[in-house]
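3D model of this:
(one chain, ligands or ions: 1)
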Amino acid sequence: MALERLLRGFADFRLGYYREHLDLFEKLATKGQSPKILIIACADARVDPGILTQTLPGELFTVRNVAAMVPPAQIPPDARHHGTSAAIEFAVRGLGVEHIVVLGHALCGGIGALVDGRESAFADYDYLSTWTSIAQDTRDLVVRELEGRPREEVARAVEQASVINSVRNLMTFRWIADRVEAGTLVLHAWWFNLTEGQLHAFDPASARFEPVLGVESEATVRRGTALSSIMPDRFVAAVAGKAPEF
Ligand SMILES: [Zn+2]
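All right, here's what the predicted structure looks like:
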């Protein structure tokens, strides 16, 4: 039944969307892709970047993994299979994207498992906890600072702090740091609240994720430009009610 749904969907796509965008598909096929934006999102079925941003084929280069995480650069590179890093490298060095958006989201199962640690139902999985341990230090910091707060509040803070941690990890790739310093690449930390249908962007001025209201790309770019030096502990301090220091 579920697969029939897919096949019916594709039949509809071929007759509808594909035909309506025939020129675009032809151009993409003959001239190749040249997206200006790399978006790193969660594999969660509820958070599809293309649908959330209403973009067309060719506009977004998308990486989706558990909890929208970016691992730190492996220096020097080794022979392991760094799928996320390889996709980021192609987007930055191969396609020359101008923006990288890390998009976390509310009710993230991967972050929930990280928050719950050994109590998690997924604790004995072969790969999951190793992957989400990318944000282990960040998680520990949040849990320590928000001790006694409800789990949902802690989980949300870890979801958001993990996005900041991933942005920090992006800066460990030299070909990203170089471009950010040259002003040709801007990094963004976003978080989607799927229960309210609201997008939030990290604002270095308040050290909080603030709702994105309307179209304010200039402000968003300004925030992103100031983001590169942000550390998760500043965000956590702001969430914990301590004055951020910038
Ligand atoms: Zn998720």
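
Tell me how many other residues surround residue 8.
The number of residues packed around residue 8, counting by other CB atoms under 10 Å, is 10. (C-beta placed from N, C-alpha, C; glycine too.)

I should have written residue 187 there, sorry.
25.

That one: which element?
Per DSSP states H and E, residue 187 falls inside strand 186-193.

Now find how far off-centre that strand is within its chain.
Here the centre of strand 186-193 is set off from its chain's centre by 7 Å, with CA atoms, centre = their mean, to the nearest Å.

for stretch 233-241, same thing?
Distance of stretch 233-241 from the chain centroid (CA atoms, centre = their mean) equals 20 Å.

Output it in PDB with nothing but the alpha carbons.
What follows is stretch 233-241, C-alpha atoms only, in PDB (Å, rounded to 0.1, in the frame of the first residue of the first chain):
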ATOM      1  CA  ASP A 233      28.300  27.200  25.500                       C
ATOM      2  CA  ARG A 234      27.200  30.800  24.800                       C
ATOM      3  CA  PHE A 235      23.900  29.500  23.400                       C
ATOM      4  CA  VAL A 236      23.500  27.200  26.400                       C
ATOM      5  CA  ALA A 237      24.300  30.000  28.800                       C
ATOM      6  CA  ALA A 238      21.600  32.100  27.200                       C
ATOM      7  CA  VAL A 239      19.000  29.300  27.400                       C
ATOM      8  CA  ALA A 240      19.900  28.700  31.000                       C
ATOM      9  CA  GLY A 241      19.100  32.300  31.700                       C
END
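
quick one, helices of the chain?
In the chain, helices defined by DSSP state H lie at 2-15, 17-20, 22-31, 49-53, 83-89, 109-116, 128-132, 136-145, 151-170, 174-182, 217-227, 232-239, listed in chain order.

Spell out which parts of the chain neighbour the ion.
The chain has residues 42, 44, 108, 110 near the ion, with proximity defined as CB under 5 Å from the ion.

Tell me what angle the strand holding residue 187 forms with helix 232-239.
With axes from the mean of the first three to the mean of the last three CA atoms, to 10 degrees as the basis, strand 186-193 and helix 232-239 are set at 40 degrees to each other.

Tell me the strands beside strand 186-193, with direction?
For strand 186-193, sheet partners with direction are given as strand 99-105 (parallel), strand 198-203 (antiparallel), following DSSP bridges.
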